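Visitor: coordinates only, sequence not included:
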């Protein structure tokens, strides 16, 4: 009986359970493989009770469920693991322990499902001899080697539905409502949901914005009888110059209240555009929920493809979607550069063609 | 042709459009009545363009939509309307203007759909001779004269779905997640959603809480292998003594960061219970969205019942749900006392029976 | 350690798992009680492996899930159990076996969650000495002793959402779409969803209908420029006279195609009203899905209340909702008469006030 | 002021309104263009009242709504239009009338949103000089020139959610439930939803199936303690040999009841596999509902891209998605061949890797 390991790392993303189930069902169908689940990312390699056998029973009924039955600890970088020593927090390199544990478990392949951070760690471990097969996972869609990852579609639907909800309230109350969405460096969720949810202003990290463009858009709408607007803003969007401070039309300094960029934009709208404004921070709601059909379909394909790579002992690879097909590529190639919204791509072009305010 | 007016006031609540549609369809069916919609609450009585005829075409397709096609301004108290005079904000009593406008429009009845505030204003106007018929509307469920109002069920479903989403993430990441819900004075949304969404801790305005109970619950769960918990807290929930300040086990003073009670509870959990915690503030998402079947069914029944009262010229009344039937009662009786969660009712008893932490 | 048993019987209804979880959590909280789950309704009493202990772990994560972890066999009437003997199907009375098994298990109380059929069986078993506590469950809402049961709200929402979906297609394609809903004898789902989903025609078992009224409604709408209509029809709705046959305006005989009443109504509309029509039979989709917040809230309250009755050894009772409170009443009283749509109630009155066609 | 026309044809698909809105908003933003909407497909060209100006007001609020505000008649093939002459149905070629009407309207471009049928008609009209720009639309995903069309993602989500609902009921009642999905010639909806919804058997038109494989799968599951299964079957799936007739194990002839392939499969399961089975036909529910975020995002990009083609007077082209980008290609190239499920693609491979029964 050969052994395959699987672990999930990093932030939560709908579809993780679908991947785990796909690997276990594929192994059961193929025969000759035992699947071991490692708990809480690489942490499970450091814990004598951190490894469980994954049978068909263990994955029964998990396809539609968010989260991950394996857990996903956050301090799990084995090259720089947080420990408290003499009351102080230190970083410790426990990667050799992890490598030994994986050897000791006799894993022919270790499937790692993770985002940019977890996959970079996996690449380092691969270089130390661990038989890694990577599966990309991020709600932010910021991994370059694949057209898209699972979790993203669910997050965009959650954000779009939130804009739908806020839209009718904004209209009824003649208000601006600002929705702050996830995305520190990549604006995909905000751009896609902003367009899909009919936002009037869409602010993303890739495009530093000017406050006054927001006001012009809102006032132009009011001039056409639309006394309300909705704004979708990524948490990582920043005004040109990078400041968190803006000036009102009357040269009065307005400092941002403690809070994210969503709050800042909302304050600006109220104080400068003189229209009532509210902010909603969607936060962790974007990471949960039952995965959409697309995310389950993609996650299941990724799981099956990773299992087939394991059968071929094809390590140091990452599965990826290109067009309509799942393929695989070298992990280092996949991670060479982070992915950002293409300012010349048709998504941004669409937003401009429709006249959405992107703040520039 | 007799004339009936209708207006919607106060905060947004899913089902307002269903009420408007029901009144218009009922009038069309009955014959002999024209329905006039007054825009933006009582504000529309002060604006020459604030009144529109509501035909079948005007209400076509609005049943499943949140918001209100009539708008609902917030400064609409005609007894104390905000005006800017000589650069200062003042309150002005424009109620006589409102009364005159309603007389001038020749309204045989004026159906007012509103919450506690709008209905109290309506009662005063009724005492000044306006032929008011009230329809209660509040997502908070804090109007005593009726078992429940429309909007509440949708809000509870939205909050419950949020808890579902957060639950799997909390479990996967071994975290506490705190969900702050609407309810300044009444804890119905939080209690219902907390129970329906499987929260471990439920904090409502009616029950001042002690921080330590929260910690005990979370730690008891951890002791049983559940290294995560979810907390549902109403925005109006307050610790015993009323402070926003809590002490850690080591007597170190921990002051609350700027933010609502959800943030405070989350900070406490992190610093005192020593478990990672996140907060999500659901905010205006609770006021929007397509109304649930129950809210549409109730709103439509309220609209039809109010129209039948109008036909009977039965003024100064409010429609209400009692058990499975819609009836009506005197507006002053309905508003005599606000409704709060019954501490001896079976909702609280259920929470206690299951062992949920209510903080006391 | 005292023992409580619990079983679920009859057709599926969202909320069954919420009940089971509530009983188990209540027992854990109270202490001193072990909960045994009996599989597949009363069938589990006949199977040596038909009883499982229900711990907190067993009910973890089941609150939002449809179905029942205990199973719910359909042939489970122990007074008339289907058996195959000598190749022929016979009925056998195995109720004494069931009674003995329950005694042997040492159950102080047996909580039975079921519909009209299962509860009648439970009443007979109670008369034979079984310490029954009943919890009503039916998506049809046809149990008289309670204002409403869990499962109904979810079913109505599913049906209403289906009407929403079909409405825009009917409008775009100038068609009639007929939605056949569950309800052999009681029209609650159809009436509530029909009103909430904006159906133009609502046909329920309690009101025998005439085909021509349907046509008049559809044609009157076309006359106002609405070249489409939606029809909600309960599977048990029947034309006056009871026939499955209708005549066209030209006296030509039109026989119904094999299929339910939905197909018949759709055929009639196409052939007599001369407007394209489609039928959708919602079927088992109404029995599944994650329970709504209301159904989880009600199911959890029912479970907690039933546990409290068990503690009091108050047998032969059924928990029930009256207004906003859960109470209990004698099982025989609760089952004395089935519940049907009240033709003088405000639901039917609302439909008539709005001008919906009820077929009479 | 230049003029652009737009019409929607063929079966309903969520996202049509998003396309219309995108074209109108883009034209408004660009300036210099008036958008005319043609009602009910090409039918609107034959009706003096069949053309309406589409302003920003006309498209306000339609983004999240299913259906099409322009209507989509079914008899709209102008090359073979159904007419009743002397009591008999005949086909009439009215394409010249359509061409003249479009000339008379002075349309610089005509954007046609339609499926395979409507786009083939458009290609013929383009050859007769009509300045066509095509936008593909089909829930079936059977247009070869594009990776995917809008409407498909919504349909797959609806079908997947249906499988979720049925799964728990099948499990609780130890039944097979068969879900019949749309797809006469292409099995994309069934394959994607079948995998995403965890179906055990997936039958598509591209793979003629053998009944016995279904039974083996169901019985193998029962042997592992899973006394239930779900089956996703496309309406166009057919048994090998093409018959609608199957034989039971005892050589007894079992003829299919009137009904689709879903009913046939369900009958077979009941009679041959000897396990209770139910069928649900999802039907038109797949064509309706608010479009998913992906479908709105894609439809909006298609609309903007088509408008940009119109500005360039680039006719005879169709917009399409390739990978993550929207591009355009010649209409005749796009329609050269219909698209079918690739039997060697990774979708089918995934299903086989996981051990789903595809019937072959």
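Guide: In hand now; what should we look at? Since the model is a prediction, treat every value here as computed from it, not as a measurement. Numbers count the residues shown, from 1 in each chain, chains lettered A, B, ... in the order given.
Visitor: What mean pLDDT does stretch A:77-92 get?
Guide: Mean per-residue pLDDT for stretch A:77-92: 87.
Visitor: End to end on it, go ahead and measure it.
Guide: Terminal residues of stretch A:77-92 are spaced 9 Å apart (CA to CA, to the nearest Å).
Visitor: how distant is that stretch from the center of its chain?
Guide: 26 Å (CA atoms, centre = their mean, to the nearest Å).
Visitor: For the residue in the stretch 201-350 of chain A that chain B sits nearest to, which non-adjacent residue is closest in space?
Guide: When scored by CB to the nearest CB, the stretch 201-350 of chain A has residue A:288 as its residue closest to chain B, at 3.2 Å. Backbone N, C-alpha and C define where each C-beta goes, glycine included. Closest residue in space to residue A:288, ignoring its immediate chain neighbours: residue B:165 at 3.2 Å, by CB to CB, 6 or more residues apart in numbering or on different chains.
Visitor: Next, the contact list for that neighbour, please.
Guide: Residues in contact with residue B:165 (CB atoms under 8 Å, 6 or more residues apart in numbering or on different chains) are A:66, A:158, A:284, A:285, A:287, A:288, A:289.
Visitor: Show the buried residues in the residues you listed.
Guide: A:66, A:158, A:284, A:285, A:287, A:288, A:289 (16 or more other CB atoms under 10 Å in any protein chain shown).
Visitor: contacting residues around the first one?
Guide: Looking back up the chat, that one is residue A:66. Applying CB under 8 Å, 6+ apart, the residues contacting residue A:66 are A:12, A:14, A:17, A:287, A:288, A:289, A:290, A:291, B:165, B:168, B:169.
Visitor: tell me the angle whichever helix or strand residue A:163 is part of makes with helix B:152-173.
Guide: Per DSSP states H and E, residue A:163 falls inside helix A:152-173. Relative orientation of helix A:152-173 and helix B:152-173, computed by axes from the mean of the first three to the mean of the last three CA atoms, to 10 degrees: 150 degrees.
Visitor: what about the helix or strand that comes right after helix A:152-173, distance to the chain center?
Guide: Moving toward the C-terminus from helix A:152-173, the next helix or strand (DSSP H and E) is strand A:176-181. Put simply, strand A:176-181 sits 19 Å off its chain's centre (CA atoms, centre = their mean).
Visitor: which outside residues touch strand A:176-181?
Guide: Applying CB under 8 Å, 6+ apart, the contact partners of strand A:176-181 are A:159, A:162-163, A:166-167, A:169-170, A:189-190, A:193, A:199, A:218, A:228-235, A:260-263, A:265-266, A:269, A:273, A:275-282, A:286, B:284.
Visitor: near chain B at all, stretch A:274-286?
Guide: Yes - Stretch A:274-286 lies within reach of chain B by CB under 8 Å from any CB of the partner chain, at A:276, A:278, A:279, A:280, A:281, A:283, A:284, A:285.
Visitor: so where's the stretch 1-150 of chain A shaky on pLDDT?
Guide: Flagging of the stretch 1-150 of chain A using pLDDT under 70 yields the residue ranges A:74-75.
Visitor: ok now do the residue nearest the centre of chain A, which residues does it touch?
Guide: The residue lying closest to the centre of chain A (CA atoms, centre = their mean) is residue A:139, at 2.3 Å. Residues counted as contacts of residue A:139 (CB under 8 Å, 6+ apart) are A:11, A:13, A:14, A:149, A:151, A:152, A:154, A:155, A:182, A:189, A:286, A:287.
Visitor: Confirm for me that the fifth one is in contact with residue A:13.
Guide: Looking back up the chat, that one is residue A:151. Yes - using CB atoms under 8 Å, residue A:151 makes contact with residue A:13 at a distance of 3.0 Å.
Visitor: who touches both of these two?
Guide: Shared contacts of residue A:151 and residue A:13, counting by CB under 8 Å, 6+ apart, come down to A:137, A:138, A:139, A:287.
Visitor: What is the nearest of those to residue A:311?
Guide: residue A:137 (21.6 Å; CB to CB).
Visitor: Let me see the contact set for that closest one.
Guide: A:8, A:10, A:13, A:15-16, A:19, A:113-115, A:118, A:149-151.
Visitor: Any buried residues in stretch A:56-69, and which?
Guide: A:56, A:58, A:59, A:61, A:62, A:63, A:64, A:65, A:66, A:67, A:68, A:69.
Visitor: Which members of these are the farthest-apart pair?
Guide: A:56 and A:66, at 20.9 Å, using CB to CB across those.
Visitor: low-confidence ranges in the stretch 151-300 of chain A?
Guide: A:242-258.
Visitor: any idea how far residue C:91 is from the residue of it found nearest chain C?
Guide: Nearest residue of the stretch 151-300 of chain A to chain C (CB to the nearest CB) works out as residue A:290 at 8.5 Å. Taking CB to CB, to the nearest Å as the measure, residue A:290 falls 43 Å from residue C:91.
Visitor: Give me the more crowded residue out of the two.
Guide: residue A:290 (23 against 10; other CB atoms under 10 Å in any protein chain shown).
Visitor: So the more buried one, which state does it fall into?
Guide: State at residue A:290, reduced to three classes by DSSP: H, G, I helix; E, B strand; the rest coil: coil.
Visitor: you'd agree it is up against residue A:67?
Guide: No - between residue A:290 and residue A:67 there is no contact under CB under 8 Å: 10.2 Å.
Visitor: so residue A:329 bridges to which residues?
Guide: residue A:318 (DSSP bridges).
Visitor: okay, it: pLDDT?
Guide: 98.
Visitor: Could you export the buried residues of stretch A:56-69 as a markdown table, including secondary structure?
Guide: A markdown table is the format used below for the buried residues of stretch A:56-69 (three-state DSSP):
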| residue | secondary structure |
| --- | --- |
| A:56 | coil |
| A:58 | helix |
| A:59 | helix |
| A:61 | coil |
| A:62 | coil |
| A:63 | coil |
| A:64 | coil |
| A:65 | coil |
| A:66 | coil |
| A:67 | coil |
| A:68 | coil |
| A:69 | coil |
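Visitor: Of the residues you listed, which is the nearest to chain B?
Guide: Closest to chain B, out of all of those and judged by CB to the nearest CB, is residue A:67, at 3.0 Å.
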